[in-house]
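[1] When you get a sec, could you give me coordinates for this:
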Amino acid sequence: MIQKTENYPHEPLPFIHHIIKQAVKSNATDIHWEPLYENNNFLLVVRFRVDGLLKDIVKLERREINLDSTVNALKIMCGMDTTKKRREQDGRTTFNVDGIELDLRFSCMPVVSGEKIVVRIIYKEQFCKKLEDLGITPDGMKLLVPLISKKEGFVLIVGPTGAGKSTTLYAILNHIYSRQKNICTIEDPVECMISGFNQIQVEYDYGMTFVSSLRAIMRQDPDIIALGEVRDAETTRTAFQAALSGSLIFSTLHARDCVNAIIRLLQMGVEPYFISAALTGVISVRLIRLLCRICKGEGCMHCANSGFKKRIGVFEIMKVTDKIKNLILEGASQEGLKKSAVEAGMLPFQDIAGKMVSLGLTSKEEADKLFTLDEIQ
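    You can find the predicted model right below:
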């Protein structure tokens with residue numbers, strides 16, 4: 001519900017700081033600053049994304065706050081160009097709340113009623129989680145640990161936007177970290193500075209792409225390389241070649257599940273023999289809301305009457321066996337690949353979510369959202 005505007009400061013910068021602090025207090029992951037034209041008035045609506053869902057927070061009219069000044073103040077905070085109003089821009093800054101330093105990622109996009117800005121809040125502690133705290137089942141851990149403990153190979157982490165791919169990647173790197181290993185990351189942007197990792201920021205303006213950085217790293221005696229994301233066939237082929245040269249490679253990809261990740265690689269134009277030769281495992285992650293421990297879904301003050309409190313990861317983990325490698329070369333169907341993956345120990349999302357429902361950890365409606373997402377992607 002949109003709250004009363006008199007509870008908020010009406011000068012742009014104090015208002016922005018107030019909103020960010022309230023977002024952190026609410027455990028929001030994103031803040032949406034949305035211009036709106038309604039009843040012949042220009043409005044600013046602020047929404048928070050909490051536990052995966054957007055919630056209206058406040059609506060301000062032009063007489064209550066200067067909309068242009070607010071947008072410009074947000075742009076200045078993150079280093080954007082205030083004179084460019086009809087093109088997309090990205091920026092970042094740090095912000096301190098009660099002694100906790102946060103990374104804020106800004107994305108600005110022109111819309112018909114003005115400029116919309118989305119701020120992603122990066123809680124640095126989320127990148128220091130242990131594997132055991134992510135929600136991976138004991139059976140999943142039995143599959144995962146051998147995959148990430150190999151000396152070479154390519155492990156892909158997949159899922160939709162905001163599903164926890166980066167958190168999972170950092171947890172894996174922290175799990176296998178050792179001073180006896182040279183661990184290098186190539187990121188766009190660097191999500192979190194971690195001591196002991198050699199982290200590279202992609203800089204397209206200076207010719208430092210994922211591909212050029214990866215080729216340079218191969219001359220740096222790497223043991224483990226983490227790519228923030230594989231976005232095209234050239235990057236993926238280069239990463240596969242690095243894996244075949246004796247390094248352990250991790251990367252992320254937007255795909256709905258483990259088997260679909262293989263299909264996505266093929267659709268990107270990566271040759272089947274590359275995938276078959278280099279890919280050793282796929283980890284697919286989704287986030288699911290947990291029922292509030294206090295009210296068990298009925299709604300209470302503890303969960304803001306939503307019935308849910310916090311989210312946890314749901315993981316499919318697929319070991320790419322020799323049989324699956326042959327199926328990739330033969331152009332097998334998704335059904336054939338999934339059957340072989342299950343035979344090799346993969347527990348599908350449906351089975352994991354169903355067990356969570358039976359244990360009273362989440363609702364059937366919440367579990368069904370995982371499958372709805374499967375259908376629309």
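
[2] ok, and the closest non-adjacent residue to Leu265?
    In space, and not counting its chain neighbours, Leu265 is closest to Ile275: 5.5 Å by CB to CB, 6 or more residues apart in numbering. Where you see a C-beta, it was placed from the backbone N, CA and C, and this is true even at glycine.

[3] Could you do Asp188 as well?
    Of all residues not flanking Asp188 in the chain, Val202 sits nearest, at 3.9 Å (CB to CB, 6+ apart).

[4] pretty sure His18 contacts His10?
    No: between His18 and His10 there is no contact under CB atoms under 8 Å: 10.2 Å.

[5] you'd agree Glu229 is in a helix?
    No: Glu229: not assigned to a helix; according to DSSP: H, G, I helix; E, B strand; the rest coil it is coil.

[6] So for it, what's the pLDDT?
    Each residue has a pLDDT score; the one for Glu229 is 91.

[7] Which parts of the stretch 101-250 of the chain are helices?
    Secondary structure of the stretch 101-250 of the chain, counting by DSSP state H, counting those that start in this stretch: helices at 138-148, 165-176, 210-217, 233-244.

[8] out of these, which comes closest to Ser113?
    Proximity to Ser113 (CB to CB) singles out helix 165-176 among the helices of the stretch 101-250 of the chain, at 31.9 Å.

[9] Using CSV, list the CA coordinates for that closest one.
    The C-alpha trace of helix 165-176 is given here as CSV (Å, rounded to 0.1, in the frame of the first residue of the first chain):
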residue,chain,number,x,y,z
LYS,A,165,23.5,-17.1,-9.7
SER,A,166,26.2,-14.6,-8.5
THR,A,167,25.6,-15.5,-4.8
THR,A,168,26.0,-19.2,-5.7
LEU,A,169,29.1,-18.5,-7.8
TYR,A,170,30.8,-16.6,-4.9
ALA,A,171,29.8,-19.3,-2.4
ILE,A,172,31.4,-22.0,-4.6
LEU,A,173,34.6,-19.9,-5.0
ASN,A,174,34.8,-19.3,-1.2
HIS,A,175,34.3,-23.1,-0.7
ILE,A,176,37.2,-24.1,-2.9
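
[10] where does it sit relative to the chain's centre, distance-wise?
    Centroid separation for helix 165-176 versus its chain: 12 Å, with CA atoms, centre = their mean, to the nearest Å.

[11] Throw the helices of the stretch 101-250 of the chain into TSV and include distance to Asn40 and mean neighbour count, thanks.
    As requested, the helices of the stretch 101-250 of the chain are arranged in TSV below (distance: least, CB to CB, whole Å; neighbours: other CB atoms under 10 Å):
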stretch	distance to Asn40	mean neighbour count
helix 138-148	55	16
helix 165-176	43	21
helix 210-217	48	19
helix 233-244	49	20
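
[12] I am finished for the moment; much appreciated.
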